[in-house]
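In: for reference, the sequence and a predicted model appear below.
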Amino acid sequence: MCGIVGYVGNAGRAADHGALDVILEGLRRLEYRGYDSAGLAVVTDAGIDSRKKAGKLANLVDSLEADPLPASLTGIGHTRWATHGGPTDGNAHPHLADNGNLAMIHNGIIENFAELKAKLVAEGVEFLSETDTEVAAALLGSVYRGAGEGNLTRSMELTARQLEGAFTLLAV
Ligand code: GLU
């Protein structure tokens, strides 16, 4: 069972701990469910920044301590239980789309990922992982630039309509 965390902070609240601390604490609380890799994405002034590591959450924390991400008030975090593709850094979530402008995490299975992937590949999309999740992320990227008109909420709605299976998705 994977874990999925999202956080939108409040810039006006001095006590706000920032997205990174809240997400890592959320992932710690979900560790008991079992997982094989962990990752997160934060929204910064410069865009999306992300980090993901196979293995224990400690691997992700070590990586963030060695090479910190910029401060942020909004982000998403994930512990993965692999169903499509092995437990590697590359298959860990988040998966990026729209040239790194969007990041997605996913709990569940996209059953029609193969046919969606074939269509996206025909459109020239290149995939970096073996996951069903990256297909949903790429579809979101395509919809965001098309019918979603750059509106993330609308684009998520339109993307979810094309997906079959059981899934929870978060994107920034
Ligand atoms: N099916 C997705 C994957 O293999 C998500 C698995 C999960 O729920 O952690 O990456």
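Out: On my side now, so go ahead. Numbers count the residues shown, from 1 in each chain.
In: leaving out the residues flanking it, which one is nearest to Leu57?
Out: With sequence-adjacent residues excluded and distances taken as CB to CB, 6 or more residues apart in numbering, Leu57 is closest to Ala38, at 4.8 Å. Placement of C-beta: from N, CA and C, glycine included.
In: kindly apply the preceding question to Leu69 instead.
Out: Asp49 (4.9 Å).
In: state the number of residues packed around that neighbour.
Out: 17 (other CB atoms under 10 Å).
In: need the helices for the protein, in chain order.
Out: 19-30, 57-66, 113-122, 132-145, 152-162 (DSSP state H).
In: and among those, the most buried is which?
Out: Greatest average neighbour count among the helices of the chain goes to helix 132-145 (a mean of 25), per mean count of other CB atoms under 10 Å.
In: now do the residue nearest to Ala54 when sequence neighbours are not counted, the pLDDT please.
Out: Computed as CB to CB, 6+ apart, the closest residue to Ala54 that is not its neighbour in sequence is Ser37, at 4.4 Å. Ser37 carries a pLDDT value of 98.
In: that's all I had, so thanks and see you.
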